[in-house]
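[1] got a sequence here, can you model it:
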Amino acid sequence: MGLNLVDRPKPVLFHIMDSLGWEAIIIVFGIVQAVSLGLLLLISRKRPLSAALFGALLIIEAFGLLEQFLYFSKIVYQVPNLLGWSYPFNIIKPALLLLFVNAYFLKGFWLQKKHLLHLIPFVVYLLLFIPLFTATEEQKVNFLNSMQDDVWTDNLQGIIFFAINSLIHIVYFVYTLSIVRKSHDLVIRSNDITSLWVSRLVVFFATFFVFRIVLYFFNGFHLLSNQTFATIVMLISSFTIQCIAWFLLRNMRWPNFKPEDIPSMKEIDLLTKVLNEEKAYLDDALTLEKLAKSAGLTAERVTNLFRVFYKKPFKETINTLRIEEAKRLIKENGPKQLNLLAIAMDSGFNNKVTFYRAFKKNEDCSPSEYVKSLFSPSLSDHLS
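    As a prediction, the model looks like this:
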């Protein structure tokens with residue numbers, strides 16, 4: 001005799017919905033998105049290092065979110081052997097974020113042997129959790145029952161664990177934010193949407209960490225239940241993952257995760273020194289290759305610098321600088337000793353036609369009209 005519909009056991013999915021309701025859909029969706037995006041970034045061909053690091057970060061985020069979800073939905077009681085595995089991996093998330101930012105913003109950055117030191121917290125946590133990993137299923141279930149209403153302030157071990165975990169995150173976030181801050185001016189100048197997003201993502205992660213610390217304190221002093229605390233954190237994590245997914249799919253050259261080639265401050269200094277201090281633009285035979293050689297850079301890098309830093313191509317930027325020099329000479333000479341052809345030559349132009357055309361393009365008036373507006377209409381006789 002078959003079971004009535006009301007007597008049939010509910011599938012696991014319905015148990016999840018009963019325990020967390022609508023929140024479960026958002027959290028599970030976030031987990032699936034994080035794993036999918038992470039794998040795509042990891043397995044894509046010709047991916048940059050930053051893509052691989054960010055993909056690993058997303059997968060670890062999904063792993064931690066999954067274990068939290070399994071615990072608070074009670075599903076972990078059916079698979080107790082999954083208990084605790086996310087904790088050692090979670091401690092390397094801030095290190096991955098730091099390496100990701102380094103790989104994204106710093107040219108020539110690559111993983112070296114010294115970066116294995118970032119795994120020290122992971123190894124320590126792994127060793128600390130060995131007793132839990134090697135426990136029997138019955139022991140793990142008993143452990144789950146014992147910690148249902150416990151908070152981190154209930155024992156010294158929890159307090160030490162919280163303090164060390166917080167300190168590790170703070171050190172990494174401070175270091176990561178310092179790199180983002182150093183790159184801020186270049187990011188703003190380049191107006192690269194991906195670089196702006198990376199900067200804001202780091203700031204958001206740091207803010208989210210501070211928010212979690214506040215929640216931890218409320219939880220530690222029994223002002224916030226474990227269930228409420230975990231639900232808030234899981235929802236924010238899931239929301240963050242969904243925002244990341246939206247941005248990646250909407251704005252980036254998927255799935256290469258290739259940032260705008262932002263010039264370094266050293267490269268900018270080299271070029272601006274040659275242009276502003278040495279006034280290389282006064283050379284009427286100046287070429288891109290000649291300027292690049294003077295700055296000690298390749299022509300390709302100088303082209304990128306003009307595009308990103310000056311927001312104009314080489315020729316247009318040089319003409320703008322020459323026009324500014326011409327305007328300075330006009331003001332310096334005054335109307336009575338004014339010779340526009342001589343000023344054009346002294347400003348780096350090799351003929352009057354090019355000078356007039358560039359002046360008109362930059363100032364929306366001819367050199368003669370500029371002089372008249374600057375001094376007096378009665379001084380037009382001094383123009384030559």
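[2] shaky segments in the stretch 1-150 of the chain?
    1-20 (pLDDT under 70).
[3] would you map the helices across it?
    Using DSSP state H, counting those that start in this stretch, the helices found in the stretch 1-150 of the chain span residues 12-20, 22-43, 49-72, 86-90, 93-105, 120-128, 130-133, 137-146.
[4] so who does the spatially most central residue of the chain touch?
    With distances taken as Cα atoms, centre = their mean, Val198 lies nearest the centre of the chain, 1.7 Å away. Residues near Val198 by Cβ atoms under 8 Å, 6 or more residues apart in numbering: Val101, Tyr104, Phe105, Val180, Pro259. From N, CA and C alone the C-beta is placed, and that goes for glycine too.
[5] I'd like the distance between it and Leu106.
    Val198 is 12 Å from Leu106, where distance means Cβ to Cβ, to the nearest Å.
[6] so the residue nearest to the centre of the chain versus Ala103, what's the distance?
    Counting by Cβ to Cβ, the gap from Val198 to Ala103 is 11 Å.
[7] how about Pro80?
    37 Å.
[8] quick one, which of the helices of the stretch 1-150 of the chain is nearest to Asn350?
    Among these, the nearest to Asn350 by Cβ to Cβ is helix 93-105 (40.8 Å).
[9] give me the angle between that closest one and helix 49-72.
    Here the directions of helix 93-105 and helix 49-72 differ by 160 degrees (axes from the mean of the first three to the mean of the last three Cα atoms, to 10 degrees).
[10] mind listing residues that contact helix 93-105?
    Outside of helix 93-105, the residues within contact range by Cβ under 8 Å, 6+ apart are 48-50, 53-54, 56-57, 60-61, 64, 109-111, 115, 118-119, 121, 168-169, 172-173, 175-176, 179-180, 183, 195, 198, 202, 205, 259, 262.
[11] and it with helix 120-128, angle?
    Using the same axes, to 10 degrees: helix 93-105 against helix 120-128 is 150 degrees.
[12] any idea how far helix 93-105 is from the chain center?
    Relative to the centre of its chain, helix 93-105 is centred 9 Å away, using Cα atoms, centre = their mean, to the nearest Å.
[13] equivalent analysis for stretch 305-314, please.
    Distance, centroid of stretch 305-314 to centroid of chain: 23 Å (Cα atoms, centre = their mean).
[14] for stretch 74-83, same thing?
    Taking mean C-alpha positions (Cα atoms, centre = their mean), stretch 74-83 and its chain are 35 Å apart.
[15] for that stretch, buried residues please.
    Residues of stretch 74-83 classed as buried by neighbour count (16 or more other Cβ atoms under 10 Å): Ile75, Val76, Pro80, Leu82, Leu83.
[16] so for it, first residue to last residue, what's the gap.
    11 Å (Cα to Cα, to the nearest Å).
[17] ok, back up a step: pull out the buried members of the contacts of Val198.
    Of those, these count as buried by 16+ other Cβ under 10 Å: Val101, Tyr104, Phe105, Val180, Pro259.
[18] turn the residues you listed into TSV, columns for distance to Ile244.
    Shown next, in TSV, are the buried ones among the contacts of Val198 (distance: Cβ to Cβ, whole Å):
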residue	distance to Ile244
Val101	15
Tyr104	14
Phe105	18
Val180	17
Pro259	15
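[19] for Phe143, state which of the residues you listed is nearest.
    When these are compared against Phe143 (criterion: Cβ to Cβ), the nearest one is Val101, at 36.9 Å.
[20] and Lys311, how many neighbours?
    Close neighbours of Lys311, defined as other Cβ atoms under 10 Å, add up to 12.
[21] for Cys365, same thing?
    13.
[22] and it, what does it touch?
    So Cys365 contacts Phe359, Ser373 (Cβ under 8 Å, 6+ apart).
[23] tell me the spacing between Ala344 and Ala358.
    Using Cβ to Cβ, we find Ala344 at a distance of 9 Å from Ala358.
[24] same deal with Ser86?
    To Ala358, Ser86 is 63 Å away according to Cβ to Cβ.
[25] wait, Phe208 touches Ile236, no?
    Yes: between Phe208 and Ile236 there is a contact under Cβ atoms under 8 Å: 6.3 Å.
[26] can you list the domains in the chain?
    12-251, 265-382 (automatic domain parsing).
[27] still on that earlier bit, nearest to Phe162 among the buried ones among the contacts of Val198?
    Val101 (25.5 Å).
[28] what would the buried residues of stretch 74-83 look like in CSV with distance to Phe309?
    Converted to CSV, these look like this (distance: Cβ to Cβ, whole Å):
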residue, distance to Phe309
Ile75, 54
Val76, 53
Pro80, 57
Leu82, 51
Leu83, 53
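[29] so of these, which ones are in strands?
    Among the buried residues of stretch 74-83, no residue falls in strands (DSSP state E).
[30] closest to Phe229 among the residues you listed?
    Closest to Phe229 out of the buried residues of stretch 74-83 is Val76 (16.8 Å), distances taken as Cβ to Cβ.
[31] give the contact list for that closest one.
    Val76 touches Glu67, Leu70, Leu82, Leu83, Leu144, counting by Cβ under 8 Å, 6+ apart.
[32] try 7 Å this time
    Leu70, Leu82, Leu83, Leu144 (Cβ atoms under 7 Å, 6 or more residues apart in numbering).
[33] again with Phe69
    Contact analysis of Phe69 by Cβ under 7 Å, 6+ apart lists Ile27, Ile31, Met234.
[34] quick check: closest non-adjacent residue to the last one.
    Okay, so that is Met234. The shortest distance from Met234 to any non-neighbouring residue, by Cβ to Cβ, 6 or more residues apart in numbering, is to Ile27 (5.0 Å).
[35] does that neighbour really touch Ile236, like I thought?
    No: at 10.4 Å, Ile27 does not count as touching Ile236 under the criterion of Cβ atoms under 7 Å.
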